[in-house]
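1. no sequence on hand, only this structure:
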């Protein structure tokens with residue numbers, strides 16, 4: 001199975017990740033040759049079977065990574081604790097919005113949105129965000145001044 005996997009990856013030299021180039025399952029994870037997630041196939045190829053009840057987790061936090069050296073086994077509670085410890089939990093209140101990993105806006109851009117006379121659709125296209133994001137910033141529901 002490793003031969004099949006190796007045709008579908010692109011090594012990333014800086015991180016050591018092997019990025020899955022094939023089809024995806026859902027939005028974030030690769031779909032492997034066995035129709036399971038690609039990272040699970042990679043784990044089996046590189047390290048062996050996955051015991052029932054355990055998940056294959058990423059040390060590198062790159063969902064498309066299939067480098068078996070970046071993968072480890074854990075329960076779902078270990079996965080959730082890992083996510084929270086790394087500040088990736090959606091309800092994370094320890095960090096400011098602009099410091100979160102997926103943040104697209106800075107406080108300066110939020111202020112620009114509030115002062116702009118452009119409509120939300122035009123601003124959303126200009127900034128590469130959803131129209132609802134513009135409305136939330138203007139209502140101060142998102143990117144509150146802290």
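-> Thanks, I have the structure now. Just so you know, these numbers come straight off a predicted model, no measurement behind them. Residues are numbered from 1 along each chain as shown.
2. could you point out which element follows the helix or strand bottoming out on mean pLDDT in the chain?
-> Least confident element among the helices and strands of the chain, by mean pLDDT, DSSP states H and E: helix 2-6 (a mean of 60). Beyond helix 2-6 on the C-terminal side, the first helix or strand identified by DSSP states H and E is strand 9-11.
3. residues contacting that following strand, please?
-> The contact list for strand 9-11, computed with CB atoms under 8 Å, 6 or more residues apart in numbering, reads 17, 18, 19, 20, 21, 66. Heads up, the C-betas are built off the backbone N, CA and C, glycines and all.
4. out of those, grab the one that's most surrounded.
-> In terms of neighbours by other CB atoms under 10 Å, these top out with residue 66 at 30 neighbours.
5. test my guess that that residue contacts residue 40.
-> No. Residue 66 is not in contact with residue 40 according to CB atoms under 8 Å; the separation is 9.3 Å.
6. identify the contacts common to the two.
-> Common neighbours of residue 66 and residue 40 are listed as residue 32 (criterion: CB under 8 Å, 6+ apart).
7. poorly predicted segments of the protein, please.
-> For the chain, the stretches with pLDDT under 70 are 1-7, 27, 89-104, 142-146.
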